[in-house]
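A.B. asks: Predicted coordinates and the sequence they were generated for:
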Amino acid sequence: MEINGRTALVTGAAAGAGRAIAGALESAGARVVGADLTPDAGIRLDVTDDAALVAALEDVRPDILINNAGGGGHVLPHYPDASVAEWSGWLDLNLRAPMLATQVALRCGAGAVVNVASMAGLGAEPHPSPEYAAAKAGLIRFTTSLADPRVSCLVPGWIRTERAEAELAAMTPDERAAAPVPISLDALCTAVLQLVTGPGRVLVLP
């Protein structure tokens, strides 16, 4: 899909990767509507509120949807110590919300949807946040199951956001040397733009 002149909705756009993605789409000529829990992004939206999410999508009717809102990998407690309500909440945020958003956006005529998953959803090794890893794995498989050329999935590793910079700064030299090299925001945004303008696929960005 061409980006210039299109309307794009980016969830989780107030900071970090979402803010960078929104800026990249705007630079490419899109009219960008940012959505987040804080109105600083553009519109205040809790993507786990079904009615609010549907209303926002039907109001904006985006040509491009970036399902970027997510998280929970750094929040304690984790499954199995977390309560059912706590771990269900992370599944709702990271999987159920983008599934609903994709459904409504396609119904409203969107030509490109990019689901932002995570490397946590790949592989068979242990992960400290099972609910987060399971949700991101589900998001990847959801995208491939659709086999819809309008729907793509980006699977990034650790992204160099302000939080990542703070985490790196707090590490010991040995921990920092052993840590993976974070993906730059420029590389992340380039990948998103590629997925928006190309056919539906899964792009892993380690």
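C.D. replies: Looks like it arrived, so ask away.

A.B. asks: all contacts plus neighbour counts: C-alpha atoms, from now on.
C.D. replies: OK.

A.B. asks: Next up, the contacts around the residue sitting nearest the centre point of the chain.
C.D. replies: For the chain, the residue nearest the mean C-alpha position is Asn68 (2.3 Å; CA atoms, centre = their mean). By CA atoms under 8 Å, 6 or more residues apart in numbering, Asn68 lies in contact with Val10, Thr11, Gly12, Ala13, Ala17, Gly18, Asn115, Val116.

A.B. asks: tell me the contacts of the fourth one?
C.D. replies: Ala13 sits next to Arg19, Ala20, Ile21, Ala22, Gly34, Ala35, Asp36, Ala41, Asn68, Ala69 when contact means CA under 8 Å, 6+ apart.

A.B. asks: close enough to count as contact, Asn4 and Ala24?
C.D. replies: No: counting by CA atoms under 8 Å, Asn4 does not reach Ala24; the two are 11.5 Å apart.

A.B. asks: Comparing these two, which residue is more hemmed in?
C.D. replies: Ala24 (20 against 13; other CA atoms under 10 Å).

A.B. asks: The longest helix seen in the chain: what's the following helix or strand?
C.D. replies: Secondary structure assigned by DSSP state H gives helix 130-146 as the longest helix of the chain. Counting by DSSP states H and E, the element after helix 130-146 in chain order, helix or strand, is strand 151-156.

A.B. asks: residues making contact with that following strand?
C.D. replies: With contacts defined as CA under 8 Å, 6+ apart, strand 151-156 is touched by 112-119, 139-140, 143, 183, 188, 191-192, 195-196, 199-206.

A.B. asks: Just the buried ones out of the residues you listed, please.
C.D. replies: By neighbour count, with 16 or more other CA atoms under 10 Å, the contacts of strand 151-156 hold 112-119, 139-140, 143, 183, 188, 191-192, 195-196, 200-203, 205 as buried.

A.B. asks: Export the contacts of Ala13 to JSON lines and append columns for secondary structure and pLDDT.
C.D. replies: What follows is these, written out as JSON lines (DSSP: H, G, I helix; E, B strand; the rest coil; pLDDT from 0 to 100):
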{"residue": "Arg19", "secondary structure": "helix", "pLDDT": "96"}
{"residue": "Ala20", "secondary structure": "helix", "pLDDT": "97"}
{"residue": "Ile21", "secondary structure": "helix", "pLDDT": "98"}
{"residue": "Ala22", "secondary structure": "helix", "pLDDT": "98"}
{"residue": "Gly34", "secondary structure": "strand", "pLDDT": "98"}
{"residue": "Ala35", "secondary structure": "strand", "pLDDT": "98"}
{"residue": "Asp36", "secondary structure": "strand", "pLDDT": "97"}
{"residue": "Ala41", "secondary structure": "helix", "pLDDT": "81"}
{"residue": "Asn68", "secondary structure": "coil", "pLDDT": "98"}
{"residue": "Ala69", "secondary structure": "coil", "pLDDT": "97"}
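
A.B. asks: just the strands in the protein please.
C.D. replies: Counting by DSSP state E, the chain has strands at residues 7-11, 31-36, 42-44, 64-67, 112-116, 151-156, 202-205.

A.B. asks: would you turn these into a markdown table with distance to Ala51?
C.D. replies: Shown next, in a markdown table, are the strands of the chain (distance: least, CA to CA, whole Å):
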| stretch | distance to Ala51 |
| --- | --- |
| strand 7-11 | 15 |
| strand 31-36 | 15 |
| strand 42-44 | 13 |
| strand 64-67 | 17 |
| strand 112-116 | 20 |
| strand 151-156 | 22 |
| strand 202-205 | 29 |
